[in-house]
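Participant: sequence-free structure coming up:
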């Protein structure tokens with residue numbers, strides 16, 4: 001993350017896949033960070049991390065209103081697994097989730113030569129938000145930027161009086 005004034009920070013991946021561990025020798029990190037900016041507090045679950053509910057729950061308990069889920073998947077099955085889990089994290093924790101995916105091909109890079117994805121901004125599943133819990137989404141496998149207004153006051157009100165309790 002880069003902030004005004006030149007400050008920077010990062011979130012390491014907390015759960016690594018078998019391929020990442022065995023082929024790339026990636027080791028999991030141990031610290032979940034909460035970031036804060038003028039727009040609010042957020043945490044990051046990198047791809048596979050989103051498949052473990054306890055990470056998003058810990059972020060919500062730390063005060064996160066937004067969860068960023070960058071992902072890199074090579075087929076529809078992998079993409080949908082991360083997408084469905086990311087949407088579940090929005091519902092379980094009453095927070096916004098932004099799922100940003102790699103798309104296209106990188107033929108010279110093993111294991112990521114093909115990418116499958118669809119960017120989305122997901123909301124809690126409650127009457128105050130989008131009916132399907134998806135506030136904005138891009139086209140499948142298209143490089144694009146999506147935009148959505150995130151109302152943090154509405155989110156907090158939903159936590160207090162909505163039909164779903166975090």
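Facilitator: Cool, got the structure. Quantities reported herein were computed from a predicted structural model and do not represent experimental measurements.
Participant: for the residue nearest the centre of the chain, which residues are in contact?
Facilitator: Centroid-nearest residue in the chain, with Cα atoms, centre = their mean: residue 69, separated by 2.0 Å. For residue 69, the contact set (Cβ atoms under 8 Å, 6 or more residues apart in numbering) comprises 44-47, 49-50, 82, 86, 89, 97-100. All C-beta spots, glycine's among them, are computed from the backbone N, C-alpha and C.
Participant: return the set of residues that bridge with it.
Facilitator: Residue 69 forms beta bridges with residue 99, as assigned by DSSP bridges.
Participant: which helix of the protein spans the most residues?
Facilitator: The single longest helix within the chain, with elements called by DSSP state H, is helix 76-93.
Participant: all the strands of this structure, residue numbers only.
Facilitator: 35-37, 40-44, 66-71, 96-101, 104-105, 114-115, 120-122, 134-137 (DSSP state E).
Participant: check which helices and strands the second one sits against.
Facilitator: The helices and strands touching strand 40-44, judged by 3 or more Cβ pairs under 8 Å, 6 or more residues apart in numbering; DSSP states H and E, are strand 35-37, helix 53-62, strand 66-71.
Participant: got the angle for that strand vs strand 96-101?
Facilitator: 40 degrees (axes from the mean of the first three to the mean of the last three Cα atoms, to 10 degrees).
Participant: strand 40-44 pairs with which strands?
Facilitator: Going by DSSP bridges, the partners of strand 40-44 are strand 35-37 (antiparallel), strand 66-71 (parallel).
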